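*Asks:* Sequence first, predicted coordinates after that:
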Amino acid sequence: MRLIPIHFHLILLITFLLCSGCSHTTKPPLNHERLVLGAEQVKRYLPVLKGKRVGLIVNQTSVLYPNTPHSIHVVDALRQHNINVVSVFAPEHGFRGNRGAGETVEDNIDTSTGLPIISLYGQTKAPSQAMLANIDVLVFDIQDVGVRFYTYISTMHYAMAAAAQYNVDFIVLDRPNPNGKFVAGPTLVPEFRSFVGMHPIPILHGLTIGELALMIKGENWIQNADDLNLKVIPVMSYRKSDTYSLPIPPSPNLPNALSVRWYASLCLFEPTHISVGRGTDYPFQMLGHPTLHWPNTPLNRITPSKNPVAAPYPKWENTVLNALFIQDFEILSYPVNGFDLRLLHNTFAQARERNVELITSERFFDQLAGTDTLRKALSSGESIQDIEASWQTELIQYRILRQPYLLYPEK
C-alpha cells in the first residue's frame, strides 16, 4: 500500500470542513433502518412535478421497491400520482433494456403506457429544442455502475446541457453506486474525450449519479451550467463502503454482481482480440482467445454464439476459445482497488512474447482508458506498480476536487 503524506489528509480535512456548510442539496440522514432510493421518496419530488409537463430519462432499472411485492416502475408510479408524463427518453440499450451494446435505439411508442419513446442513442445523443419544447422538467432515474465509460452518465451529461440551454428543470433520483468504494485508474485527458468518456474523472470515480450531476454543474463541465436548475434526491441510509448488489441488471451484459465488479477491469479488452464473454453465459466474467491462455489458472473451453439482445455480433462467434473464468481467478486474488491490471498486463506480455496481434483499435482503447499512456506502458512491459504509480497524483487531485459534491460518507 502506498502511504499518502500527512499534509494531504490535512488538505482533505480542511476541504471537508469548508464545504460541509455549503452543500448543493440536503444530505440524507443515516438513522434509517433500510436504504431508501431517491425514486422511493415520492413526497420529496412530487411537489416539484405537480402541474408540470415531465420528461423521464429512464430504463428497465428505474424501479421503486425492486424485488418486493410493491415493485413499480417510476413511469407508472408518477402516472398513478397524476403527474403529466409527456415522453420517455431512452439511453443505450433502450427503455426496456433489450438492445445490444452499441445498437441504435429507435424512436417508438411504448406499448404498455402509450408514451412516445425518444431515443438518446440514435442519430442524436442530446435532446434537441424540439424534443424539449413541451417539457418543463426532466427527471433522470437510471442505475449506474460507477465506471467512466458506462454511457448512461454521458446521456445524463447531454441531457443536463440541453436542460440548461432550453430552460428546463433537471431532477436526479439518486441510486447507490455498486463500485462506490473505489476511486482508481487513469483520469481522462481532454484529447481522448468521447461518448465513452466525457469528464476528467478516473475510470472508477466513486460517485453516485447524483453526486456526478452536482459535479458536472459545479465544475462547469456543461455550457450554461449556472442557469441549470438542478435538484438531487439522495439515497437515505447509504454509505459508499456499503455492498450493493443491483436488483435489476443495468444492461444485457452485466447480469450479476461479478460482472459489475469486474466491468471496469475487463472492458479495456473490448478493443482487442480477446473475448470478454459476449455471446456466452459469462459476459464480463471471462476472457477467451483461440490460442492464448492464462497460466496458473484452470483451462476451460467455450464457444461464443449470437444472441439477438446481448450479443448480436459476438467476437469469435462459433469459435472454440481457451477461457479464463473470473470466478476461478478471484479465488487466487480478489481485486482490491476495483481496477485490476493483472489480466491486462499478463495478456499484453503474452502477446509480445508470442508476437500475437492484440489490439484491434488503438484509438478506442485510448478512449476507454482516457489516455494513451496506459496502452503504451502495457505494450512496453512496464510493471503494474509503475503504471499504477503514474496516476496517483491525479487521483489525489481528483479526490480533492470532488469533495464538495459528496452526499454520502465513505465509511
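*Replies:* Cool, got the structure. Residues are numbered from 1 along each chain as shown.
*Asks:* Please make it C-alpha for all contacts and neighbour counts, starting now.
*Replies:* Fine.
*Asks:* For Val232, identify the helix or strand it belongs to.
*Replies:* Val232 belongs to strand 230-233 when elements are defined using DSSP states H and E.
*Asks:* And the strands in the stretch 101-250 of the chain?
*Replies:* 108-109, 116-119, 137-141, 169-173, 184-187, 202-204, 230-233 (DSSP state E, counting those that start in this stretch).
*Asks:* Give me the contacts around the last one.
*Replies:* By CA atoms under 8 Å, 6 or more residues apart in numbering, the residues outside strand 230-233 that reach it are 25, 38-39, 41, 44-45, 169-174, 210, 214.
*Asks:* Return the members of those residues classed as buried.
*Replies:* Among the contacts of strand 230-233, those classed as buried by 16 or more other CA atoms under 10 Å are 38-39, 41, 45, 169-174, 210, 214.
*Asks:* Including distance to Thr360, could those go into CSV?
*Replies:* Below are the buried ones among the contacts of strand 230-233 laid out as CSV (distance: CA to CA, whole Å):
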residue, distance to Thr360
Gly38, 41
Ala39, 41
Gln41, 46
Tyr45, 47
Asp169, 42
Phe170, 39
Ile171, 40
Val172, 37
Leu173, 38
Asp174, 37
Gly210, 35
Leu214, 36
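*Asks:* Dump those residues to CSV, plus pLDDT.
*Replies:* CSV is the format used below for the buried ones among the contacts of strand 230-233 (pLDDT from 0 to 100):
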residue, pLDDT
Gly38, 98
Ala39, 98
Gln41, 97
Tyr45, 97
Asp169, 98
Phe170, 98
Ile171, 98
Val172, 98
Leu173, 98
Asp174, 98
Gly210, 98
Leu214, 98
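*Asks:* Quickly name whichever of these is closest to Thr111.
*Replies:* Nearest to Thr111 among these is Ala39, at 23.2 Å by CA to CA.
*Asks:* now the closest residue to the closest one other than its chain neighbours, which residues is it bridged with?
*Replies:* Computed as CA to CA, 6 or more residues apart in numbering, the closest residue to Ala39 that is not its neighbour in sequence is Leu173, at 5.2 Å. Taking DSSP bridges as the rule, Leu173 bridges to Ile233.
*Asks:* wait, isn't Leu173 in contact with Val36?
*Replies:* No - with contacts counted by CA atoms under 8 Å, Leu173 stays clear of Val36, the gap being 10.9 Å.
*Asks:* hang on, Thr371 packs against Arg193?
*Replies:* No - Thr371 is beyond contact range of Arg193, at 9.2 Å (criterion: CA under 8 Å).
*Asks:* So for the two, which residue has more residues nearby?
*Replies:* The neighbour comparison of Thr371 against Arg193 (other CA atoms under 10 Å) goes to Thr371, with 20 against 17.
*Asks:* Need the residues that contact the helix or strand where Val88 lies.
*Replies:* In this structure, Val88 sits in strand 84-90 according to DSSP H and E. With contacts defined as CA under 8 Å, 6+ apart, strand 84-90 is touched by 50-59, 75, 78-79, 95, 105, 115-121, 134-135.
*Asks:* same thing but at 7 Å, please
*Replies:* Here strand 84-90 makes contact (CA atoms under 7 Å, 6 or more residues apart in numbering) with 52-59, 79, 115-120.
*Asks:* and what of stretch 342-349?
*Replies:* 378-379, 381.
*Asks:* wait, what's in contact with Val196?
*Replies:* With CA under 7 Å, 6+ apart, Val196 has these contacts: 149-151, 367-368.
*Asks:* Just send these back as TSV, with pLDDT too.
*Replies:* What follows is the contacts of Val196, written out as TSV (pLDDT from 0 to 100):
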residue	pLDDT
Phe149	97
Tyr150	96
Thr151	95
Gln367	98
Leu368	98
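*Asks:* For Ile274, state which of those residues is nearest.
*Replies:* Using CA to CA, those come closest to Ile274 at Leu368, 15.5 Å.
*Asks:* before we move on, back to that, and the contacts of Val196 as JSON lines, adding neighbour count and distance to Gln392?
*Replies:* Listed next are these as JSON lines, based on neighbours: other CA atoms under 10 Å; distance: CA to CA, whole Å:
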{"residue": "Phe149", "neighbour count": "25", "distance to Gln392": "20"}
{"residue": "Tyr150", "neighbour count": "21", "distance to Gln392": "22"}
{"residue": "Thr151", "neighbour count": "20", "distance to Gln392": "25"}
{"residue": "Gln367", "neighbour count": "23", "distance to Gln392": "20"}
{"residue": "Leu368", "neighbour count": "26", "distance to Gln392": "18"}
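*Asks:* Any chance of those residues in CSV with distance to Ala311 as columns?
*Replies:* Putting the contacts of Val196 into CSV (distance: CA to CA, whole Å) gives the following:
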residue, distance to Ala311
Phe149, 19
Tyr150, 17
Thr151, 17
Gln367, 22
Leu368, 20
